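1. Dropping the sequence and predicted coords here.
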Amino acid sequence: MSVILFLLWIILNGRITVEILAFGVVITGAVFLFLVKVLGYSVSAEGKILKSLPMIILYVLNLIVELFKAAIQVLMIAFSPSGKPEPVLIEMHSGLKSHFLNVVLANSITLTPGTYTVFLEGDRLVIHCLRKEFANGMGDSTFIHLLRRFE
């Protein structure tokens, strides 16, 4: 975190001089101590995030792929003469124990065109799908498989 803060300091200053670097070290150190003492920032939590970084990148790439696939399907419905939406609500259980991971799943579903999460409680989600076929395999999606690796 201190490295990121220092790089941000340099970027926002727009130039590199001895004074800017010296003040940057002092101010970055002060901000980092503030984060640790007042806001409860933990260096060990940062280590966990860094260990999970490859999985986070994989999840984001998977989300982007799913967004494009769903967008194409919704476009085909929108521009098809016979493409009428047949909305359906489904209820599913993700099986994820972490509330944070369930929120990530719900937001990923909502970001995907043609679906959005209506309700989330525990691992139970109620999802609105534009068509019935969008609901197929929702409980066994790649989102859930990747999020299970974080537990």
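-> All right, it came through fine.
2. Could you point out which residue ranges in this structure have low pLDDT?
-> For the chain, no stretch is flagged by pLDDT under 70.
3. ranges for the strands of it?
-> For the chain, strands defined by DSSP state E occupy the ranges 88-93, 115-121, 124-129.
4. deepest of the ones you listed, which one?
-> Mean neighbour count, computed with mean count of other CB atoms under 10 Å, is highest for strand 124-129 among these, reaching a mean of 18. Every C-beta, even on glycine, is put in place using the N, C-alpha and C of the backbone.
5. for it, packing partners?
-> Applying 3 or more CB pairs under 8 Å, 6 or more residues apart in numbering; DSSP states H and E, we find strand 124-129 packed against strand 88-93, helix 99-111, strand 115-121.
6. before we move on, back to that, could I get the strands of the chain as JSON lines with distance to Val26?
-> JSON lines is the format used below for those (distance: least, CB to CB, whole Å):
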{"stretch": "strand 88-93", "distance to Val26": "51"}
{"stretch": "strand 115-121", "distance to Val26": "44"}
{"stretch": "strand 124-129", "distance to Val26": "48"}
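7. of all these, which lies closest to Gly139?
-> Proximity to Gly139 (CB to CB) singles out strand 88-93 among the strands of the chain, at 4.5 Å.
8. Now find how far off-centre that closest one is within its chain.
-> Taking the mean of its C-alpha atoms, strand 88-93 sits 21 Å from the chain's own mean (CA atoms, centre = their mean, to the nearest Å).
9. tell me what it is packed against?
-> strand 124-129, helix 132-135.
10. Sheet-wise, list the partners of that strand with their directions.
-> strand 124-129 (antiparallel) (DSSP bridges).
11. Next, the angle from the strand it pairs with to strand 115-121.
-> Calculated by axes from the mean of the first three to the mean of the last three CA atoms, to 10 degrees, strand 124-129 forms an angle of 160 degrees with strand 115-121.
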